[in-house]
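> I'll drop the sequence and a predicted model, then ask my questions.
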Amino acid sequence: MKTAIRLDDITPDMDWVKYRKVEEILNRNNLRPLIGVVPFNSDDNLRRSEAALDEEEYKSFLKGRLDAGWVAALHGYSHVYKTKCHGLFPLNNFSEFAGVEFEEQKRRIEAGRARLLELGIDTDIFMAPGHTYDRYTLEALAANGIKRVTDGFGSAPYERRGLIFYPISRRRSDCTKACEAYTTLVLHTNTMTDAEIEEFGATIEAHRNCFIDYSEYLKAAPVKRTFVGCAIEYMTAYAKYLAVKLICLIR
C-alpha cells in the first residue's frame with residue numbers, strides 16, 4: 001500500500017503541543033503530509049490553545065510547511081456544521097456544505113480560497129469538514145477553480161464530475177497492507193491521545209516503506225469512477241456510519 005497522510009483542522013489556536021509531537025514524527029521519517037487549513041474557524045472544538053499564533057506567526061508557520069514540501073488544502077469555510085445531511089459520502093450526518101444552496105456554497109468556497117491566498121496558500125484541493133459534501137458542493141468547487149478533493153473510498157485517485165478525488169482509508173489497518181494501491185491516513189491531532197501519537201510513530205517506523213509524501217499521491221494517474229463505483233462507495237460509507245452508531249449504542 002502507498003499511504004499518504006493528511007492532518008485536519010489546522011488553525012492558529014489548535015493544540016500546538018500535540019501537533020508538534022506529530023510533526024516531529026513526520027520530520028524524523030522524512031514525510032510530507034497534506035494539511036487542511038480552516039480559513040475562518042468558528043468551531044470552538046478546534047480552539048485548543050490559549051497561546052494562539054498571531055497573523056504573521058501563522059503565515060510564517062504555513063510558509064515553512066509549504067517550503068518544506070508539504071501540501072495544503074482548503075478545509076471548508078468556518079468548520080461549523082449547518083445541516084444534518086449525509087451528502088454523497090455519508091460517513092456522518094452533519095455537514096457545513098451538504099444541504100446548503102448552491103450560491104451559498106459557492107460564496108463560502110470563494111471566500112475561503114481568498115482567505116488562504118492572504119495566508120500565502122494557493123491550492124486547488126478541498127477538504128470537506130465532516131467528510132460531507134453534495135452535488136452542489138462539487139459544482140461550487142469547479143466554479144471556483146478547485147480541481148481536487150481529499151475524500152472518497154477506492155484503491156487509486158478517481159475522476160468524478162470533472163474533479164479528481166484522492167481516497168482515504170476505510171480502516172487504519174488498510175494503510176499498511178501489502179498491495180499495490182493508494183490511500184490516505186487521516187489524523188486529527190487536536191484529539192489524539194499521547195498513546196495514539198505513540199502508536200502512530202511506531203506504525204510509521206515499522207512500516208516506513210508503506211508511506212509516501214502527499215505530493216507523490218497527487219502524481220498518481222486517476223481512473224474514471226463509474227456509476228456502480230459511486231454506488232458502492234456510498235453504501236460502504238453509509239455502512240461505516242451505521243457501524244459507528246451501533247458501537248456507540250452498545251457502549
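Okay, I see it.

> you'd agree Leu218 is up against Arg148?
Yes. Look at Leu218 against Arg148 with Cβ atoms under 8 Å: they come within range, at 7.3 Å. Heads up, the C-betas are built off the backbone N, CA and C, glycines and all.

> overlap of the contact sets of those two?
Counting by Cβ atoms under 8 Å, 6 or more residues apart in numbering, the shared contacts of Leu218 and Arg148 are Tyr166.

> which parts of stretch 7-20 are buried?
Neighbour-count burial for stretch 7-20 flags 7-12, 14-16, 18-19 (criterion: 16 or more other Cβ atoms under 10 Å).

> stretch 135-150 now?
By 16+ other Cβ under 10 Å, the buried positions in stretch 135-150 come out as 136-141, 144, 146, 148-150.

> where does pLDDT dip in this structure?
251 (pLDDT under 70).

> mind listing the helices for it?
Per DSSP state H, the chain carries helices over the ranges 16-28, 55-67, 102-118, 135-143, 194-206, 214-218, 227-250.

> any chance of these in JSON lines, plus distance to His79?
Output for those, formatted as JSON lines (distance: least, Cβ to Cβ, whole Å):
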{"stretch": "helix 16-28", "distance to His79": "16"}
{"stretch": "helix 55-67", "distance to His79": "16"}
{"stretch": "helix 102-118", "distance to His79": "10"}
{"stretch": "helix 135-143", "distance to His79": "15"}
{"stretch": "helix 194-206", "distance to His79": "21"}
{"stretch": "helix 214-218", "distance to His79": "21"}
{"stretch": "helix 227-250", "distance to His79": "20"}
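
> of all these, which one is nearest Ser49?
Closest to Ser49 of the helices of the chain is helix 16-28 (Cβ to Cβ; 5.2 Å).

> what's the closest one packed up against?
strand 2-10, helix 194-206 (3 or more Cβ pairs under 8 Å, 6 or more residues apart in numbering; DSSP states H and E).

> give me whichever of these is most buried.
Highest mean neighbour count among the helices and strands packed on helix 16-28 (mean count of other Cβ atoms under 10 Å): strand 2-10, with a mean of 24.

> taking helix 55-67 as reference, get the angle to that strand.
Orientation of strand 2-10 against helix 55-67 (axes from the mean of the first three to the mean of the last three Cα atoms, to 10 degrees) gives an angle of 170 degrees.

> what's strand 2-10 packed up against?
Helices and strands touching strand 2-10, by 3+ Cβ pairs under 8 Å, 6+ apart, are helix 16-28, strand 34-37, strand 182-187, helix 214-218.

> point me to the residue sitting closest to the centre of this structure.
With distances taken as Cα atoms, centre = their mean, Met127 lies nearest the centre of the chain, 4.6 Å away.

> list the contacts of that one.
The neighbourhood of Met127, defined by Cβ under 8 Å, 6+ apart, consists of 6, 8, 34, 36, 73-76, 149-151.

> columns distance to Arg65 on top of the residues you listed, output as JSON lines?
Listed next are those as JSON lines, based on distance: Cβ to Cβ, whole Å:
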{"residue": "Arg6", "distance to Arg65": "13"}
{"residue": "Asp8", "distance to Arg65": "14"}
{"residue": "Leu34", "distance to Arg65": "10"}
{"residue": "Gly36", "distance to Arg65": "12"}
{"residue": "Ala73", "distance to Arg65": "12"}
{"residue": "Leu74", "distance to Arg65": "15"}
{"residue": "His75", "distance to Arg65": "14"}
{"residue": "Gly76", "distance to Arg65": "19"}
{"residue": "Val149", "distance to Arg65": "21"}
{"residue": "Thr150", "distance to Arg65": "16"}
{"residue": "Asp151", "distance to Arg65": "21"}
